[in-house]
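Peer 1: Make a model of this:
(one chain, ligands or ions: 2)
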Amino acid sequence: MNELINFDEISREKWQELYRNNIPPLTEEELENIRSLNDQINMQDVTDVYLPLVHFFRIYKKNIEDMRFSKGLFLQKISKAPTLIIGIAGSVAVGKSTTARLMQTLLSRVFKHTKVDLITTDGFLYPNDVLKEKGIMHRKGFPESYDMEKLTNFLYEVKSGKTAEAPVYSHESYDIVPDEKIVIDNTDILIVEGINVFQSPQNDQLYIGDYFDFSIYVDANEENIEKWYLERFDSLLALAKDDPSNYYYQFTKWKFEDVIALAKNTWRDVNLVNLEEYIKPTRNRADVIIHKGDDHFIDKIYLKKY
Ligand SMILES: Nc1ncnc2c1ncn2[C@@H]1O[C@H](COP(=O)(O)OP(=O)(O)OP(=O)(O)O)[C@@H](O)[C@H]1O
Ligand SMILES: CC(C)(CO)[C@@H](O)C(=O)NCCC(=O)O
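Peer 2: Numbers count the residues shown, from 1 in each chain. Ligands and ions are numbered 1, 2, ... in the order given. Okay, here's the model as predicted:
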C-alpha cells in the first residue's frame with residue numbers, strides 16, 4: 001500500500017484503545033436497533049471500530065465549528081451553522097450503505113438533538129433511458145453515467161441551507177425511481193455515500209470534494225469484494241423470485257450456471273474495471289480508510305496524516 005504513505009496504519013486493537021469513553025455509551029436497546037437494520041452487522045464492530053470513529057469525527061466537527069465562529073468574529077457576522085457533510089466511498093458492494101446507515105444511527109445517538117440524514121449518489125445516475133440514449137448502459141457507475149452537475153448543485157444547496165432534493169435509485173428496478181425524492185431540510189449532518197464521492201467531475205470548475213467535511217473510504221481486497229458482490233446478487237435474486245416487476249426476476253428463470261456466469265462477468269467487466277480505474281485511485285483523498293478482511297471483519301484503520 002505504497003500510495004498510502006500519507007496515512008497512519010492503526011490496527012483494530014490499537015484503534016479500540018484510543019477511544020477514551022467520554023462519549024455517552026449506547027444502551028443495549030440502541031445497539032439492538034442498529035442491528036435490526038442489517039442482521040449481518042458484527043456488533044463488536046460498533047463498539048470496537050465505529051464508536052471510536054464517531055469520537056474521532058467529533059474532533060473534526062469541533063474544529064469546523066471553531067473556525068466558523070472565529071470567521072464570524074472577524075467578519076462581524078455570525079451565520080447559521082452549515083450542514084456538515086460526510087462522504088463515504090468505496091467499491092460497488094464493499095458495504096458502503098451498511099457503514100453509512102450505522103454512522104447515521106450512531107451520530108444521531110451520540111450528538112443529541114442532531115438531525116442526521118443519508119443519501120446515496122446512486123440517485124444521481126442518469127435514468128436507464130438516458131444511459132441507453134448515450135450508449136453507455138454498460139458503463140453504469142462509471143463517471144460519465146452520473147449527472148455530476150446535478151449532484152454538485154444538490155451539495156451546494158445543502159451547504160447553503162436551502163431545501164434540497166435528491167433523486168432515488170432502486171437496485172430492484174435497476175433504475176431511477178420516477179417521482180421519488182429525498183428531501184433534505186434543516187439537516188445538521190448529511191452522509192453522502194457512493195462510489196464517486198471523491199471523484200473530480202469532468203468540468204474543472206466543480207469539485208464535489210470541497211463540500212465534504214469528513215470523508216471515509218471503505219476498503220477490502222478485490223477477491224472479497226467479488227464474493228460480497230456475488231452474495232448480494234444472490235440476495236437480489238431471492239428478493240425478485242415472486243415479483244415480475246423486479247429487474248432481477250428475469251434471471252430467476254435462467255439456469256443456475258448462466259446466472260453465476262452473468263454475475264461474475266458483470267463484476268469482472270464492469271464493477272472491477274470501475275474499481276481499478278476510477279474508485280481506488282480516490283482512496284487517498286479520504287480522511288479515514290476502514291479496511292475489511294474476510295467476512296467484513298474490520299482489521300485496520302488508516303488515518304490521513306496531513
Ligand atoms: N458489516 C457487514 N457485515 C456483513 N455483511 C455486510 C456488511 N456490510 C455489508 N454487508 C453485505 O455486503 C453486501 C454489500 O453491501 P452494501 O449493499 O452495503 O454495499 P454498497 O457498497 O453500498 O454497494 P453499492 O454501491 O452497490 O450500493 C450486502 O450483501 C451486505 O448485506
Ligand atoms: C448502481 C451501482 C453503479 C452502484 O451502486 C452498481 O450497483 C451497479 O448497478 N453497477 C452496474 C453493474 C451491475 O449491474 O452491477
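Peer 1: quick one: low-confidence parts of this structure?
Peer 2: By pLDDT under 70, the low-scoring segments of the chain are 1, 20-28, 30-42, 201-206.
Peer 1: Pick out the residue nearest the middle of it.
Peer 2: residue 193 (2.5 Å; CA atoms, centre = their mean).
Peer 1: List the residues that contact that one.
Peer 2: Applying CB atoms under 8 Å, 6 or more residues apart in numbering, we find residue 193 in contact with 87-89, 96-97, 99-100, 118-121. Any C-beta I mention is one placed from the backbone N, CA and C, and that applies to glycine too.
Peer 1: Among the residues you listed, which ones lie close to ligand 2?
Peer 2: Among the contacts of residue 193, none lies close to ligand 2 by the criterion of CB under 6 Å from any ligand atom.
Peer 1: could those go into TSV alongside secondary structure and neighbour count?
Peer 2: TSV is the format used below for these (DSSP: H, G, I helix; E, B strand; the rest coil; neighbours: other CB atoms under 10 Å):
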residue	secondary structure	neighbour count
87	strand	28
88	strand	27
89	strand	28
96	helix	23
97	helix	19
99	helix	25
100	helix	22
118	strand	22
119	strand	25
120	strand	21
121	helix	25
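Peer 1: surely residue 263 meets residue 230?
Peer 2: Yes - in this structure, residue 263 is within contact of residue 230 by CB atoms under 8 Å, at 5.4 Å.
Peer 1: more crowded one of the two?
Peer 2: For residue 263 versus residue 230, the count of surrounding residues by other CB atoms under 10 Å is larger for residue 263: 20 against 15.
Peer 1: For the stretch 151-300 of the chain, what lies in contact range of ligand 2?
Peer 2: Near ligand 2, when you scan the stretch 151-300 of the chain using CB under 6 Å from any ligand atom, you find 195, 266, 270-271.
Peer 1: Pick the one among the contacts of residue 193 closest to ligand 2.
Peer 2: residue 120 (7.3 Å; CB to the nearest ligand atom).
Peer 1: Give me the residues contacting whatever helix or strand residue 263 lives in.
Peer 2: Take DSSP states H and E as the rule and residue 263 turns out to sit in helix 256-266. Helix 256-266 has contacts (CB under 8 Å, 6+ apart) with 226, 229-230, 233, 237, 251, 254.
Peer 1: quick one: residue 150 and residue 209, what's the gap?
Peer 2: According to CB to CB, to the nearest Å, residue 150 and residue 209 sit 17 Å apart.
Peer 1: what about the helices in the stretch 1-150 of the chain?
Peer 2: All helices of the stretch 1-150 of the chain, identified by DSSP state H, counting those that start in this stretch, fall at 12-18, 28-35, 43-45, 51-75, 96-110, 128-133, 148-159.
Peer 1: Among those, show me which one is buried the most.
Peer 2: Comparing the helices of the stretch 1-150 of the chain by mean neighbour count (mean count of other CB atoms under 10 Å), helix 96-110 ranks first with a mean of 21.
Peer 1: Return the list of helices and strands in contact with that helix.
Peer 2: Here helix 96-110 touches helix 28-35, helix 51-75, strand 84-90, strand 116-120, strand 189-193, strand 214-220, going by 3 or more CB pairs under 8 Å, 6 or more residues apart in numbering; DSSP states H and E.
Peer 1: could I get the ones you listed as TSV with distance to residue 286?
Peer 2: Formatted as TSV, those follow (distance: least, CB to CB, whole Å):
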stretch	distance to residue 286
helix 28-35	23
helix 51-75	12
strand 84-90	7
strand 116-120	17
strand 189-193	13
strand 214-220	4
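Peer 1: Out of the ones you listed, which is closest to residue 6?
Peer 2: Ranking the helices and strands packed on helix 96-110 by proximity to residue 6 (CB to CB) places strand 214-220 first, at 12.9 Å.
Peer 1: List the contacts of the closest one.
Peer 2: Contacts of strand 214-220 (CB under 8 Å, 6+ apart): 53, 57, 60-61, 84-91, 94-96, 99, 103, 197-198, 209, 228, 282-283, 285-293.
Peer 1: got the buried residues for it?
Peer 2: Of the residues in strand 214-220, 214-220 count as buried by neighbour count, 16 or more other CB atoms under 10 Å.
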